[in-house]
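[1] Got a predicted model here, sequence first, then my questions.
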Amino acid sequence: MCRDCGCSLGPAATRAPLVAHHPAPGGRPAGQVESIELITAILDENDRVAAHNRTHFDQHGVLAINLMSSPGSGKTSLLEATIRALEGELRVAVIEGDLATENDAERIRACGVPAVQITTGNACHLDAQMVHDALHGLPLAGLDILFVENVGNLVCPASFDLGVHRNVTLLSVPEGDDKPAKYPVMFRGADLALITKTDLLAYIDEFQPERARASLRQVGYAGQVIELTKRGGAGFMAWLAWLRDETAALRRPAATGG
Amino acid sequence: MHELAICQALIEQVERVAREHEARRVISVVIAIGPLSGVEPKLLEHAYPLAAAGTVAESASLVVETEPVRVRCRTCRAETDALPNRLVCAGCGDWQVDVTSGEQLLLKRVEIETAEALVH
């Protein structure tokens, strides 16, 4: 039992251990062979916890956004700039995912908003249970937007639904414009694609934003692409506008039913 | 290497099925994986024995059925094969397609040996 929210889920560490199998003593007659047909999602349990997280977010009217990218593409820097730009307008909190250190959570707290750091040890992604456990350290009732900054990794996080409303994938200019073709699963699952560090376009002429857009289309990404730098400008304003629109859409009665 | 986490989730499901059917042991586990699931079948096969060790599925073989990537074109309605990083219609080249296969990450079948032999 989850004491803080009254739900039936407990922290992962307190879940009952798996029952080990002890083979029957030798000499016992073999049993009947049975084939059981199933068609179930392997990540069924993760999906169940993700749905539970989504219910939490919906009940509190909090827009939850999962930020995914390779390490060093500017997720935390973008969050810092976003929090400062939205100060006094939208109330933000952040769940930070990293293998080790509190560094990113400390950077976010320095901006004056709550942050919970998940350190995954050697795990290369966040899952729904980790996010659920982290939610208990956050005042959901007083929030407008919760960002989940996933572990920097363009492979593993794509397979795990966290229960967020939107997945945002970042592609930074120094990484190269063919990243979507190399990591198709991550980019096709995005609801919004951001091309970050565009102030470096002046120095890195190998990166052609049009080629990045074409690469995104080829992996089946049909959404909006915003080119931005954390230093401001039209792209950064478009990102803030997207956040405002999504927050407002979540609170319109028709949008909260699902 | 999230395949170990996937295997642990798989084993938990197999254990539940085995419990429900009072299995003495699991003989085989059949799963379906599509390239767009983000899971690499080879890595999954390597991780499987680690996750299965000490469970009712310890000696079970893992059978991975790899599914193709298929898309249906919204323009010409053709259903064709595609590559994970080139989800376009092989007929007319349009990129406005719907994926009809390739996202699978499914447990399809579990073959078990029940605890008690049938009494004849």
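    That came through, no problem. What you see is a predicted model, and the numbers here were worked out from it, not measured in a lab. Residues are numbered from 1 along each chain as shown, chains lettered A, B, ... in the order given.
[2] all strands of chain B, in order?
    Along chain B, the stretches classed as strands by DSSP state E are B:23-33, B:61-66, B:70-73, B:79-81, B:97-101, B:105-114.
[3] swap in the stretch 101-250 of chain A?
    Remark: strands of the stretch 101-250 of chain A, listed N- to C-terminal, are A:115-119, A:145-149, A:166-172, A:192-196, A:225-227; assignment by DSSP state E, counting those that start in this stretch.
[4] Chain B is nearest to which of those?
    Chain B lies closest to strand A:166-172 among the strands of the stretch 101-250 of chain A, at 12.7 Å (CB to the nearest CB). Placement of C-beta: from N, CA and C, glycine included.
[5] so what secondary structure elements neighbour the longest helix anywhere in chain B?
    Among the segments of chain B that qualify as a helix by DSSP state H, the longest is helix B:3-20. Applying 3 or more CB pairs under 8 Å, 6 or more residues apart in numbering or on different chains; DSSP states H and E, one finds that helix B:3-20 contacts strand A:33-41, helix A:44-60, strand B:23-33, helix B:41-52, strand B:105-114.
[6] Including distance to A:Ile83 and mean neighbour count, could these go into CSV?
    What follows is the helices and strands packed on helix B:3-20, written out as CSV (distance: least, CB to CB, whole Å; neighbours: other CB atoms under 10 Å in any protein chain shown):
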stretch, distance to A:Ile83, mean neighbour count
strand A:33-41, 35, 12
helix A:44-60, 19, 18
strand B:23-33, 39, 21
helix B:41-52, 37, 17
strand B:105-114, 35, 20
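[7] okay, the ones you listed in TSV with distance to B:Asp94 and mean pLDDT next?
    Formatted as TSV, the helices and strands packed on helix B:3-20 follow (distance: least, CB to CB, whole Å; pLDDT from 0 to 100):
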stretch	distance to B:Asp94	mean pLDDT
strand A:33-41	30	95
helix A:44-60	32	96
strand B:23-33	27	97
helix B:41-52	30	95
strand B:105-114	27	96
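[8] Assign the residue nearest the centre of chain A to helix, strand or coil.
    By CA atoms, centre = their mean, the mean C-alpha position of chain A lies nearest to A:Asn66, the distance being 2.4 Å. Reduced to three states with DSSP: H, G, I helix; E, B strand; the rest coil, the structure at A:Asn66 is strand.
[9] neighbours of the closest residue to it other than its chain neighbours, just the number please.
    Distances taken as CB to CB, 6 or more residues apart in numbering or on different chains put A:Val164 closest to A:Asn66, at 4.3 Å, once the chain neighbours are dropped. When neighbours are counted by other CB atoms under 10 Å in any protein chain shown, A:Val164 registers 24.
[10] where exactly do the helices run in chain A?
    With DSSP H applied, chain A shows helices at A:44-60, A:75-85, A:103-109, A:128-135, A:179-182, A:184-188, A:209-218, A:234-251, A:253-256, listed in chain order.
[11] any weak-confidence spans in chain B?
    For chain B, the stretches flagged by pLDDT under 70 are B:1, B:116-120.
[12] sorry, back to before: can I get the strands of the stretch 101-250 of chain A in TSV with mean pLDDT?
    Shown next, in TSV, are these (pLDDT from 0 to 100):
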stretch	mean pLDDT
strand A:115-119	96
strand A:145-149	98
strand A:166-172	98
strand A:192-196	98
strand A:225-227	98
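[13] Out of these, which one sits most buried?
    Mean neighbour count (mean count of other CB atoms under 10 Å in any protein chain shown) peaks for strand A:145-149 among the strands of the stretch 101-250 of chain A, with a mean of 26.
[14] quick one: stretch B:92-110 to chain centroid distance?
    Taking the mean of its C-alpha atoms, stretch B:92-110 sits 13 Å from the chain's own mean (CA atoms, centre = their mean, to the nearest Å).
[15] next one: stretch A:59-72
    Remark: stretch A:59-72 is offset 4 Å from the chain centroid, using CA atoms, centre = their mean.
[16] Likewise for stretch A:227-246?
    Its chain's C-alpha centre lies 19 Å from the corresponding centre of stretch A:227-246 when counted by CA atoms, centre = their mean.
[17] can you check stretch B:63-74 too?
    Between the centre of stretch B:63-74 and the centre of its chain there are 12 Å (CA atoms, centre = their mean).
[18] May I see the buried residues of that stretch?
    Neighbour counts over stretch B:63-74 (16 or more other CB atoms under 10 Å in any protein chain shown) mark B:67, B:69-71, B:73 as buried.
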